[in-house]
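Peer 1: Here you go, sequence then predicted model.
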Amino acid sequence: MKILVVDDHAVVREGVRRLLSAIPNAVVLEAATAHEALNLARKEAPDVLVLDINLEGASGLELLRRLRIESPNVRVLMFSMHAEPIYANRALKAGAYGYVCKSADASELTTGVLRVAEGERYLDSTIAGELVMSSVRAEDPLRKLTNREIEILRMLGEGKSLQGIADAIGIAYKTVANSCGRIKEKLDLPRTSDLIRFSIENRRN
């Protein structure tokens, strides 16, 4: 089985590679960027692609959508620090086969890769429970936002400036500023300071 691990942190890639290399007959490849991942996916045709949501430049969700078009046979398992149901929902709707949080036990990632390789869907126990609970709670206000708006909100919560967000995503400063305006309208937040506070309060490490 050929596995491609896509994460912009070298230490994470190394840890995941060592973990998944214990799977019998597994060949584990690595990529740090969306560009590298697309090239390797075309060249190596991996069975499973383990993908982080947070990448420099194009987000993991954007890469996922491109993979569905360019390498439709690759099965994608999202591997993210985000345990919020909204991220898992967006990933699954975009075509991911599964979702595992980085806070989950190592065995959950191994199990997820094996299940996804067989064409099954897989959610780790934490995110599965969160998805169940979210279905009985009041509507999550983040559901009103687009994937790009959620990405911008996440970066605001990390303390990035608007210019820093623009540089990280690869879009114009004005586009980020306009997006922040739409986010404030959708979340009914009158001031930018309210938006920043909301982004921090709704951020999970």
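Peer 2: Right, received. Where do you want to start?
Peer 1: okay but residue 165 is in contact with residue 152, surely?
Peer 2: Yes - using Cβ atoms under 8 Å, residue 165 makes contact with residue 152 at a distance of 5.7 Å. Where you see a C-beta, it was placed from the backbone N, CA and C, and this is true even at glycine.
Peer 1: okay, these two: which has more neighbours?
Peer 2: Remark: of residue 165 and residue 152, residue 152 carries more neighbours, 27 against 23, as counted by other Cβ atoms under 10 Å.
Peer 1: In contact with the more buried one: list those residues for me.
Peer 2: 165, 169, 176, 179, 180, 183 (Cβ atoms under 8 Å, 6 or more residues apart in numbering).
Peer 1: Which helix or strand contains it?
Peer 2: According to DSSP states H and E, residue 152 maps onto helix 147-157.
Peer 1: helices and strands around the longest helix along the chain, which ones?
Peer 2: Using DSSP state H to define each element, the chain has its longest helix at helix 173-187. Packed against helix 173-187 by the contact rule (3 or more Cβ pairs under 8 Å, 6 or more residues apart in numbering; DSSP states H and E) you find helix 147-157, helix 162-169, helix 192-201.
Peer 1: Let me have those helices in JSON lines, extended by mean pLDDT and distance to residue 98.
Peer 2: JSON lines is the format used below for the helices and strands packed on helix 173-187 (pLDDT from 0 to 100; distance: least, Cβ to Cβ, whole Å):
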{"stretch": "helix 147-157", "mean pLDDT": "86", "distance to residue 98": "18"}
{"stretch": "helix 162-169", "mean pLDDT": "90", "distance to residue 98": "26"}
{"stretch": "helix 192-201", "mean pLDDT": "84", "distance to residue 98": "27"}
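Peer 1: Looking at the ones you listed, which is nearest to residue 116?
Peer 2: Proximity to residue 116, assessed across those by Cβ to Cβ, is greatest for helix 147-157 (21.3 Å).
Peer 1: quick one, that closest one and helix 173-187 angle?
Peer 2: 100 degrees (axes from the mean of the first three to the mean of the last three Cα atoms, to 10 degrees).
Peer 1: residues of the helix or strand hosting residue 90 that come out buried?
Peer 2: In the assignment (DSSP H and E), residue 90 maps to helix 85-93. Buried residues in helix 85-93, defined by neighbour count with 16 or more other Cβ atoms under 10 Å: 85, 86, 87, 88, 89, 90, 91, 92.
Peer 1: Centre of the chain to the longest helix of the chain, how far?
Peer 2: 21 Å (Cα atoms, centre = their mean, to the nearest Å).
Peer 1: thinking again about what came up before, could you look over the helices and strands packed on helix 173-187 and pick the most buried one?
Peer 2: helix 147-157 (a mean of 21; mean count of other Cβ atoms under 10 Å).
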